[in-house]
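Asker: let me see the structure of the following:
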Amino acid sequence: MLIAGLMTGTSLDGIDVAVCDVDAEGVTLQSFATHPYTEHTLDLVSRALRGEASTVELCDLPFALSADYAAAIPKDVALDAIGIHGQTIWHNPPHSTWQAASGSALATLTGVPVVSDFRAADVAVGGQGAPLVPIFDWLTLHSTEIDRVALNIGGMANITLLPRNAQLETLRAFDTGPGNILIDSAVMQTFGKRYDEGGSIASAGRPLVAMLEHVKGLPFFALEPPKSTGRELFNDAFVTELHRRFLHPSGPSEDFVTTLTELVAWSIADHIHRMQANTEELVCSGGGVHNEYLMQRIAFHLPDVRVVTSDTFGIPADAKEAMCFAYLAWLTLHGIPGNVPTVTGASRRVVLGSISDPRISSVNAPKVSSVSASTLRPRA
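Answerer: Okay, the predicted model is just below:
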């Protein structure tokens with residue numbers, strides 16, 4: 001099947017679209033591109049994430065996102081399906097999670113079946129609903145010879161432990177904490193830039209020891225998996241409070257960015273040390289791989305580990321998550337469970353997502369037998 005996987009992450013850096021050829025043997029990338037949000041949609045998403053959106057705006061958001069998604073879909077390919085992650089606005093497992101988008105609207109706009117809302121089914125059976133990428137990591141990166149870890153650095157950072165001969169039924173993966181989200185927020189608040197290009201700002205400063213030790217003490221970092229996190233904990237307000245408490249008015253703003261960059265590197269390495277101490281290779285993906293200083297700090301904390309990007313395995317670092325959702329859509333369309341209970345904490349494996357198929361209408365819908373009025377009356 002030719003499936004377009006779409007990913008929009010917490011970094012708000014655009015709409016990733018990976019067109020993939022997917023079958024039971026694996027996933028082959030045909031094309032990849034990142035498209036910007038329209039200004040209107042980006043404003044809606046930003047307001048929603050800050051808790052400033054009105055009820056009207058929250059209702060408008062899924063439709064605005066779906067229109068942007070439709071515009072990003074390549075028009076010169078005959079797709080069999082589309083798999084969308086949606087925009088995470090709220091993630092509070094095991095109670096709730098919301099990835100804004102309308103699969104039905106997107107299917108109608110494109111004329112292509114859409115699989116969406118992947119996380120809800122896992123949350124419904126007691127899971128974290130995240131991370132969902134590990135099944136793709138296992139498919140593409142597990143080895144019989146190397147103890148490996150797959151790392152994705154998006155807005156949040158997550159790892160999949162892939163010891164040699166890793167089995168899907170016993171796979172472990174989890175969020176290690178913030179990825180780009182705190183760094184981006186710090187750079188915006190102190191330098192008015194969207195991100196630290198190449199890590200040039202962080203590389204010019206020194207860590208604020210008191211601040212670093214304070215944040216290291218957050219309970220999340222000490223939690224045992226399964227665990228996941230998001231903007232509910234690591235957000236702009238959190239960064240603002242750290243800035244107020246720990247950066248002296250005359251202190252270099254670079255130090256603030258350096259400290260949060262060091263936090264990300266430490267939290268990733270600390271989890272690897274604790275959970276798979278014999279790791280030989282770390283395979284990195286996500287936008288964070290472009291922060292050269294961050295990558296250097298991760299390698300510093302893991303001196304005995306070979307650090308590479310997923311490009312080494314034919315999976316572009318920026319495309320991996322979008323490719324994953326193309327694969328998850330294929331699983332859903334074939335009725336195959338896409339969650340891994342040892343990863344999310346779910347009570348069982350479940351088929352993920354909702355399918356919106358514009359080809360099913362009142363004209364060609366399956367015929368059903370007529371139902372008498374007495375059948376519809378509630379029983380005493």
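Asker: wait, a strand at Thr10?
Answerer: No: counting by DSSP: H, G, I helix; E, B strand; the rest coil, Thr10 falls outside a strand, being coil.
Asker: can you pull the contacts of it?
Answerer: 49, 88, 154-156, 181, 230-231 (C-beta atoms under 8 Å, 6 or more residues apart in numbering). The C-beta positions use only the backbone N, C-alpha and C, and glycine is treated the same way.
Asker: can you rerun that using 10 Å?
Answerer: 49, 87-89, 91, 154-156, 178-181, 184, 230-231, 234-235 (C-beta atoms under 10 Å, 6 or more residues apart in numbering).
Asker: out of those, which sit inside strands?
Answerer: Judged by DSSP state E, the subset of these located in strands is 87-89, 91, 156, 178.
Asker: export those residues as TSV, with columns for pLDDT, distance to Pro207 and neighbour count.
Answerer: Output for those, formatted as TSV (pLDDT from 0 to 100; distance: C-beta to C-beta, whole Å; neighbours: other C-beta atoms under 10 Å):
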residue	pLDDT	distance to Pro207	neighbour count
Gln87	94	32	27
Thr88	92	29	22
Ile89	93	32	20
His91	88	29	24
Met156	93	21	29
Pro178	97	15	29
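Asker: over to the nearest residue to Ala101 once chain neighbours are set aside: give its phi and psi.
Answerer: Nearest residue to Ala101 in three dimensions, chain neighbours excluded: Gly86, at 3.7 Å (C-beta to C-beta, 6 or more residues apart in numbering). Backbone torsions for Gly86, taken as degrees, to the nearest 10, come to phi 80, psi 170.
Asker: measure Gly86 to Pro178 for me?
Answerer: The spacing between Gly86 and Pro178, counted by C-beta to C-beta, to the nearest Å, is 21 Å.
Asker: what's the burial count for Leu132?
Answerer: Counted with other C-beta atoms under 10 Å, residues neighbouring Leu132 total 27.
Asker: do I have it right that it meets Thr332?
Answerer: No: using C-beta atoms under 10 Å, Leu132 makes no contact with Thr332, being 11.4 Å away.
Asker: pull up the overlap in contacts between these two.
Answerer: Common contacts of Leu132 and Thr332, defined by C-beta under 10 Å, 6+ apart, comprise 118, 338, 352-353.
Asker: which of these tops the neighbour count?
Answerer: Each of the shared contacts of Leu132 and Thr332 was scored for neighbours by other C-beta under 10 Å, and Phe118 scores highest at 27 neighbours.
Asker: would you say that one is within a helix?
Answerer: No: using three-state DSSP, the assignment for Phe118 is coil, not a helix.
Asker: thought it was touching Phe325?
Answerer: Yes: under the criterion of C-beta under 10 Å, Phe118 makes contact with Phe325 at 7.1 Å.
Asker: any common contacting residues for those two?
Answerer: Contact with both Phe118 and Phe325 is made by residues 83-86, 132, 338, 353, according to C-beta under 10 Å, 6+ apart.
Asker: which two of these have the greatest separation?
Answerer: Greatest spacing in these, by C-beta to C-beta: Gly86 and Gly338 (15.0 Å).
Asker: hmm, back to that, which one among the ones in strands among the contacts of Thr10 gets closest to Leu247?
Answerer: Pro178 (17.8 Å).
Asker: that closest one touches Asp236, doesn't it?
Answerer: No: using C-beta under 10 Å as the test, Pro178 is too far from Asp236 to be in contact (12.0 Å).
Asker: shared neighbours, these two?
Answerer: Taking C-beta under 10 Å, 6+ apart as the contact rule, Pro178 and Asp236 both touch 184-185.
Asker: OK, contacts around the nearest residue to Val343 once chain neighbours are set aside?
Answerer: Distances taken as C-beta to C-beta, 6+ apart place Ala173 nearest to Val343, at 4.6 Å, with adjacent residues excluded. Applying C-beta under 10 Å, 6+ apart, we find Ala173 in contact with 130-135, 137-138, 149-150, 152, 158-162, 225-226, 228, 275, 340, 342-344.
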